[in-house]
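# need coordinates for the following:
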Amino acid sequence: TYMARMMPGLFAREGYTIVDDTTTVLLDNGWAAERPPQDGYLDWVFVEGVDYQTTLSEFVAVAGRVPLLPARAYNVWWSRWWPYNVTGLNDVIDGFAAHNLPLSMVVLDMDWHETGVPTVGCGPMAPPILNQCASGYGGYRWNTSLFPDPPGALSALHARGLEVMTNQHDQCQVDHCQINYNAYATAMGIDPASEAPIPCQFSNRDYVNGLYKYADWDNESASVDYFWEDYGLGGGVDGTVLGCVPAGDQHCMACLGDLHMGRSPMGNNTAALWTAAVRVSANEDRGLRGMTLGVYGGLGHHRYGIVGSGDTQEGWITLAYEIYASLTTANVLTAWTHDIGAFYPSSPSSTNDPVWYHDPLRFLRWVQFGVFSSFFRPHASGGEVRPWLYPNAAQLLPYWRLRNALGPYIYSAAHRAFQTGVVLVHPLYYESPTAEDAYTVSRLTEPGSPLQYAFGPDMFVATFTSNSSSVDVWVPPGRWLPLLSSRNGLVVGPQWSEYVGAATTHYPVFARAGSIIPLKKLADQHAVAPQQLTLLVMWSGADNGTTVVYEDDGASLQYTEGTVRSIVVSHAVFSSGLTRVTITPQGSYPGAPQTRMYSLRVRGLPRAPVSVTVNGNPVASSFGPTDGGPTGDIDAFAHAAAVTVDLLVAESGAVDANASVVFDLHTA
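Sure, this is the predicted structure:
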């Protein structure tokens, strides 16, 4: 069932792809327009051979770049379909704080608004296509029994450093019970006395302007940050829309675009694509980055935010498919998000329970994958997703913190996607296009089979898709060190190797030997430019590396003009036993911090260094076992100043991936 929903991508092993774009809409002065029927259309032909990354860079030159999303989107989300009131929601957020867990995004599912009663008042029973809407899916009026003061509740969430997304079912129209119905209906030429619903029509500028003025950003909802367009297209390919009976009814087709609703050979779904464009542009018109969550609309959707996999059922095969879908959708430049743990329980009978729990081990494996995916968004229909309530909480909680720690690496990779079209999660055959094994580990066969992907420029991830604690790993060409444990030590590819996790907390993630992984502290969870930046050097004694840590204001569009800061970090190993790390900041942006504290951690040294100097001045260092997390005391440097750290190792020895040296960086 899952595989039947896949669409063609940009690449083929034959070395070329033809893109037929004649079934999609045109943009005319920034707005959608019907494509006039005429002869003489030209197909786009991409001839890439197996140079996939070059093809992506050429495609974004034609189809637009992959934008940076608001910075908080790359951290930790909270989402659950549950009728939370203000007190219940605050209890959840307090729980994150009490357990020292990061949290940046809060999603309010359907119950934030009034759901109506199917047989009276604002649960319209006619026309028949709105039966699902009458069951409560649609609406823009806050449920004041849960949120007595909506503006106050939103302000309180923002005061805690959180951004808010609300669930929308726009296909259900705007009925006469919405607060601003009279004004909105009048603006649309409808007599308010008729109580006729306002048809959803995203291709109508007046409708869209009214939707924001009278519903989405009215006085109650003015500070909602983003919207989740929960259309539920049936697999994203056949036009079946939640609330539309029969499938493909033209009323809801009009809602979702009022344009050609067909599917092109490349899988374009005009409705979802155009609606996402409208949602994103509303933020961009205010000088802010846009973001929406919705179904995939085909080629071009990479410009408009996040694609969600929809309501899935818990099971190993679902987890395996989500991993496969995540790496494969890189071939259309799209970053997917999944309901971590799955939306429905594995046992259908459990859906009658008001609260159900995921299988603890499978939930852990899902969370581990989620940390190393484009977006970390647990979500379920009633299912419990608070990790501290699980019996294996001691294994789960560190992964929430790890997602936050990886923030600088993930955000830098997101900017790399903006520059090149290569998204964070992508197939290993991008870097190894002639290696058949790279394709083997990128295919979905059955749960438990090898399934791997690249995670940014300097990591690759193997995955657990069964209850096994071991997995066969294909090591790509190069030299690699385990990121999360010392198991297996330094490995050299290409080769196959068995990964055995000594504990369920171990996960097969490998970093390129010589690479530098930027990390941040929990205290800096909301900062794009953390005050304390930890640089984890994956030391092998023979490999050099360079990374660029990217920073900007995290919210505006100034990054498109180059108003950014880049910190170039280089690591070099010399035959004399000297290891040198240089840190060179470049550029700036309004609001950039003027000082920066660095914690340099060198992992893999065989023994304690003989000496450590920072800008030529001797400093103390500590040496000992490490758990892979950032540690160490640090002092401040002027942010514009370059820093050079020299470390002298007395003699060579085997790499010890379970030891690190932490430097206390002092100014002269």
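# pull out the buried residues from the biggest strand by length in the chain.
For the chain, the strand with the greatest residue count under DSSP state E is strand 470-482. Buried residues in strand 470-482, counted by 16 or more other CB atoms under 10 Å: 471, 473-476, 478-482. Bear in mind the C-beta positions are built from the backbone N, C-alpha and C, glycine included.
# output these in TSV; the columns should cover distance to Arg362.
Formatted as TSV, those follow (distance: CB to CB, whole Å):
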residue	distance to Arg362
Val471	15
Val473	20
Trp474	24
Val475	26
Pro476	27
Gly478	32
Arg479	33
Trp480	27
Leu481	28
Pro482	23
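# so of these, which two are at opposite extremes in space?
Val471 and Arg479 (20.4 Å; CB to CB).
# quick one on the thing from earlier: next structured bit after the longest strand of the chain?
Where DSSP states H and E defines the elements, the next helix or strand beyond strand 470-482 is strand 491-500.
# partner strands of that next one, with direction?
strand 470-482 (antiparallel) (DSSP bridges).
# which non-adjacent residue is nearest the residue most central in space within the chain?
Centrality entry for the chain: nearest residue to the mean C-alpha point is Phe375, 2.4 Å, by CA atoms, centre = their mean. Take Phe375 and drop its neighbours on the chain: the residue closest to it by CB to CB, 6 or more residues apart in numbering is Thr337, 4.0 Å away.
# cool, and Ala320?
Nearest to Ala320 is Thr465, by CB to CB, 6+ apart, at 4.1 Å.
# near that neighbour, how many residues? Count them for me, please.
Using other CB atoms under 10 Å, Thr465 is surrounded by 26 other residues.
# so it lies in a strand, does it not?
No. Looking at Thr465 with DSSP: H, G, I helix; E, B strand; the rest coil, it is coil, so not inside a strand.
# which helix or strand contains the residue nearest to Gly161 when sequence neighbours are not counted?
Once flanking residues are discounted, Gly161 sits nearest to His526: 4.4 Å by CB to CB, 6+ apart. Under DSSP H and E, no helix or strand contains His526.
# list the contacts for His526?
If a contact means CB atoms under 8 Å, 6 or more residues apart in numbering, then His526 has 72, 75, 104, 161 as its contacts.
# nearest to Lys521, of those residues?
Using CB to CB, the contacts of His526 come closest to Lys521 at Asn75, 13.0 Å.
# the closest residue to the closest one other than its chain neighbours and Gly9, how far apart?
In this structure, Asn75 finds its nearest non-sequential neighbour in Ser104, 3.9 Å apart by CB to CB, 6+ apart. Per CB to CB, to the nearest Å, Ser104 is found 31 Å from Gly9.
# higher neighbour count, the two?
Ser104 (22 against 17).
# that one reaches Glu163, doesn't it?
Yes. Ser104 is within contact range of Glu163, at 6.8 Å (criterion: CB atoms under 8 Å).
# coming back round to it: between the contacts of His526, which is nearest Asp21?
Nearest to Asp21 among the contacts of His526 is Arg72, at 33.6 Å by CB to CB.
# quick one, what contacts the residue nearest to that closest one when sequence neighbours are not counted?
Leaving aside its chain neighbours, Arg72 sits nearest to Ser104 (3.8 Å; criterion: CB to CB, 6+ apart). Applying CB under 8 Å, 6+ apart to Ser104 gives the contacts 72-73, 75-77, 161-163, 525-526.
# buried subset of those residues as a PyMOL selection?
The PyMOL selection below is limited to those of the contacts of Ser104 classed as buried (16+ other CB under 10 Å):
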select buried, resi 72+73+75+76+77+162+163+525+526
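# what's the average pLDDT for stretch 566-584?
Summarised as a single mean, pLDDT over stretch 566-584 is 90.
# tell me the buried residues in it?
567, 569-571, 573, 579-581, 583.
# which of those sit farthest apart?
The span of the buried residues of stretch 566-584, defined through CB to CB, is set by Ile567 and Val573 at 20.6 Å.
# now Phe574. Nearest residue, chain neighbours left out?
Using CB to CB, 6+ apart, the closest residue to Phe574 is Arg580 (7.2 Å).
# element containing the one you found?
strand 578-587.
# hmm, back to that, for the residue nearest to the centre of the chain, give me its contacts.
Contact analysis of Phe375 by CB under 8 Å, 6+ apart lists 73-74, 77, 306, 335-337.
# rerun that using 7 Å as the cut-off
73, 77, 306, 335, 337 (CB atoms under 7 Å, 6 or more residues apart in numbering).
# next step: those restricted to strands.
Those of the contacts of Phe375 lying in strands (DSSP E): 77, 306, 337.
# what's the lowest-pLDDT member of those residues?
Comparing these by pLDDT, Ile306 comes last, at 87.
# give me the below-cutoff pLDDT ranges for the stretch 251-400 of the chain.
251-270, 348-354 (pLDDT under 70).
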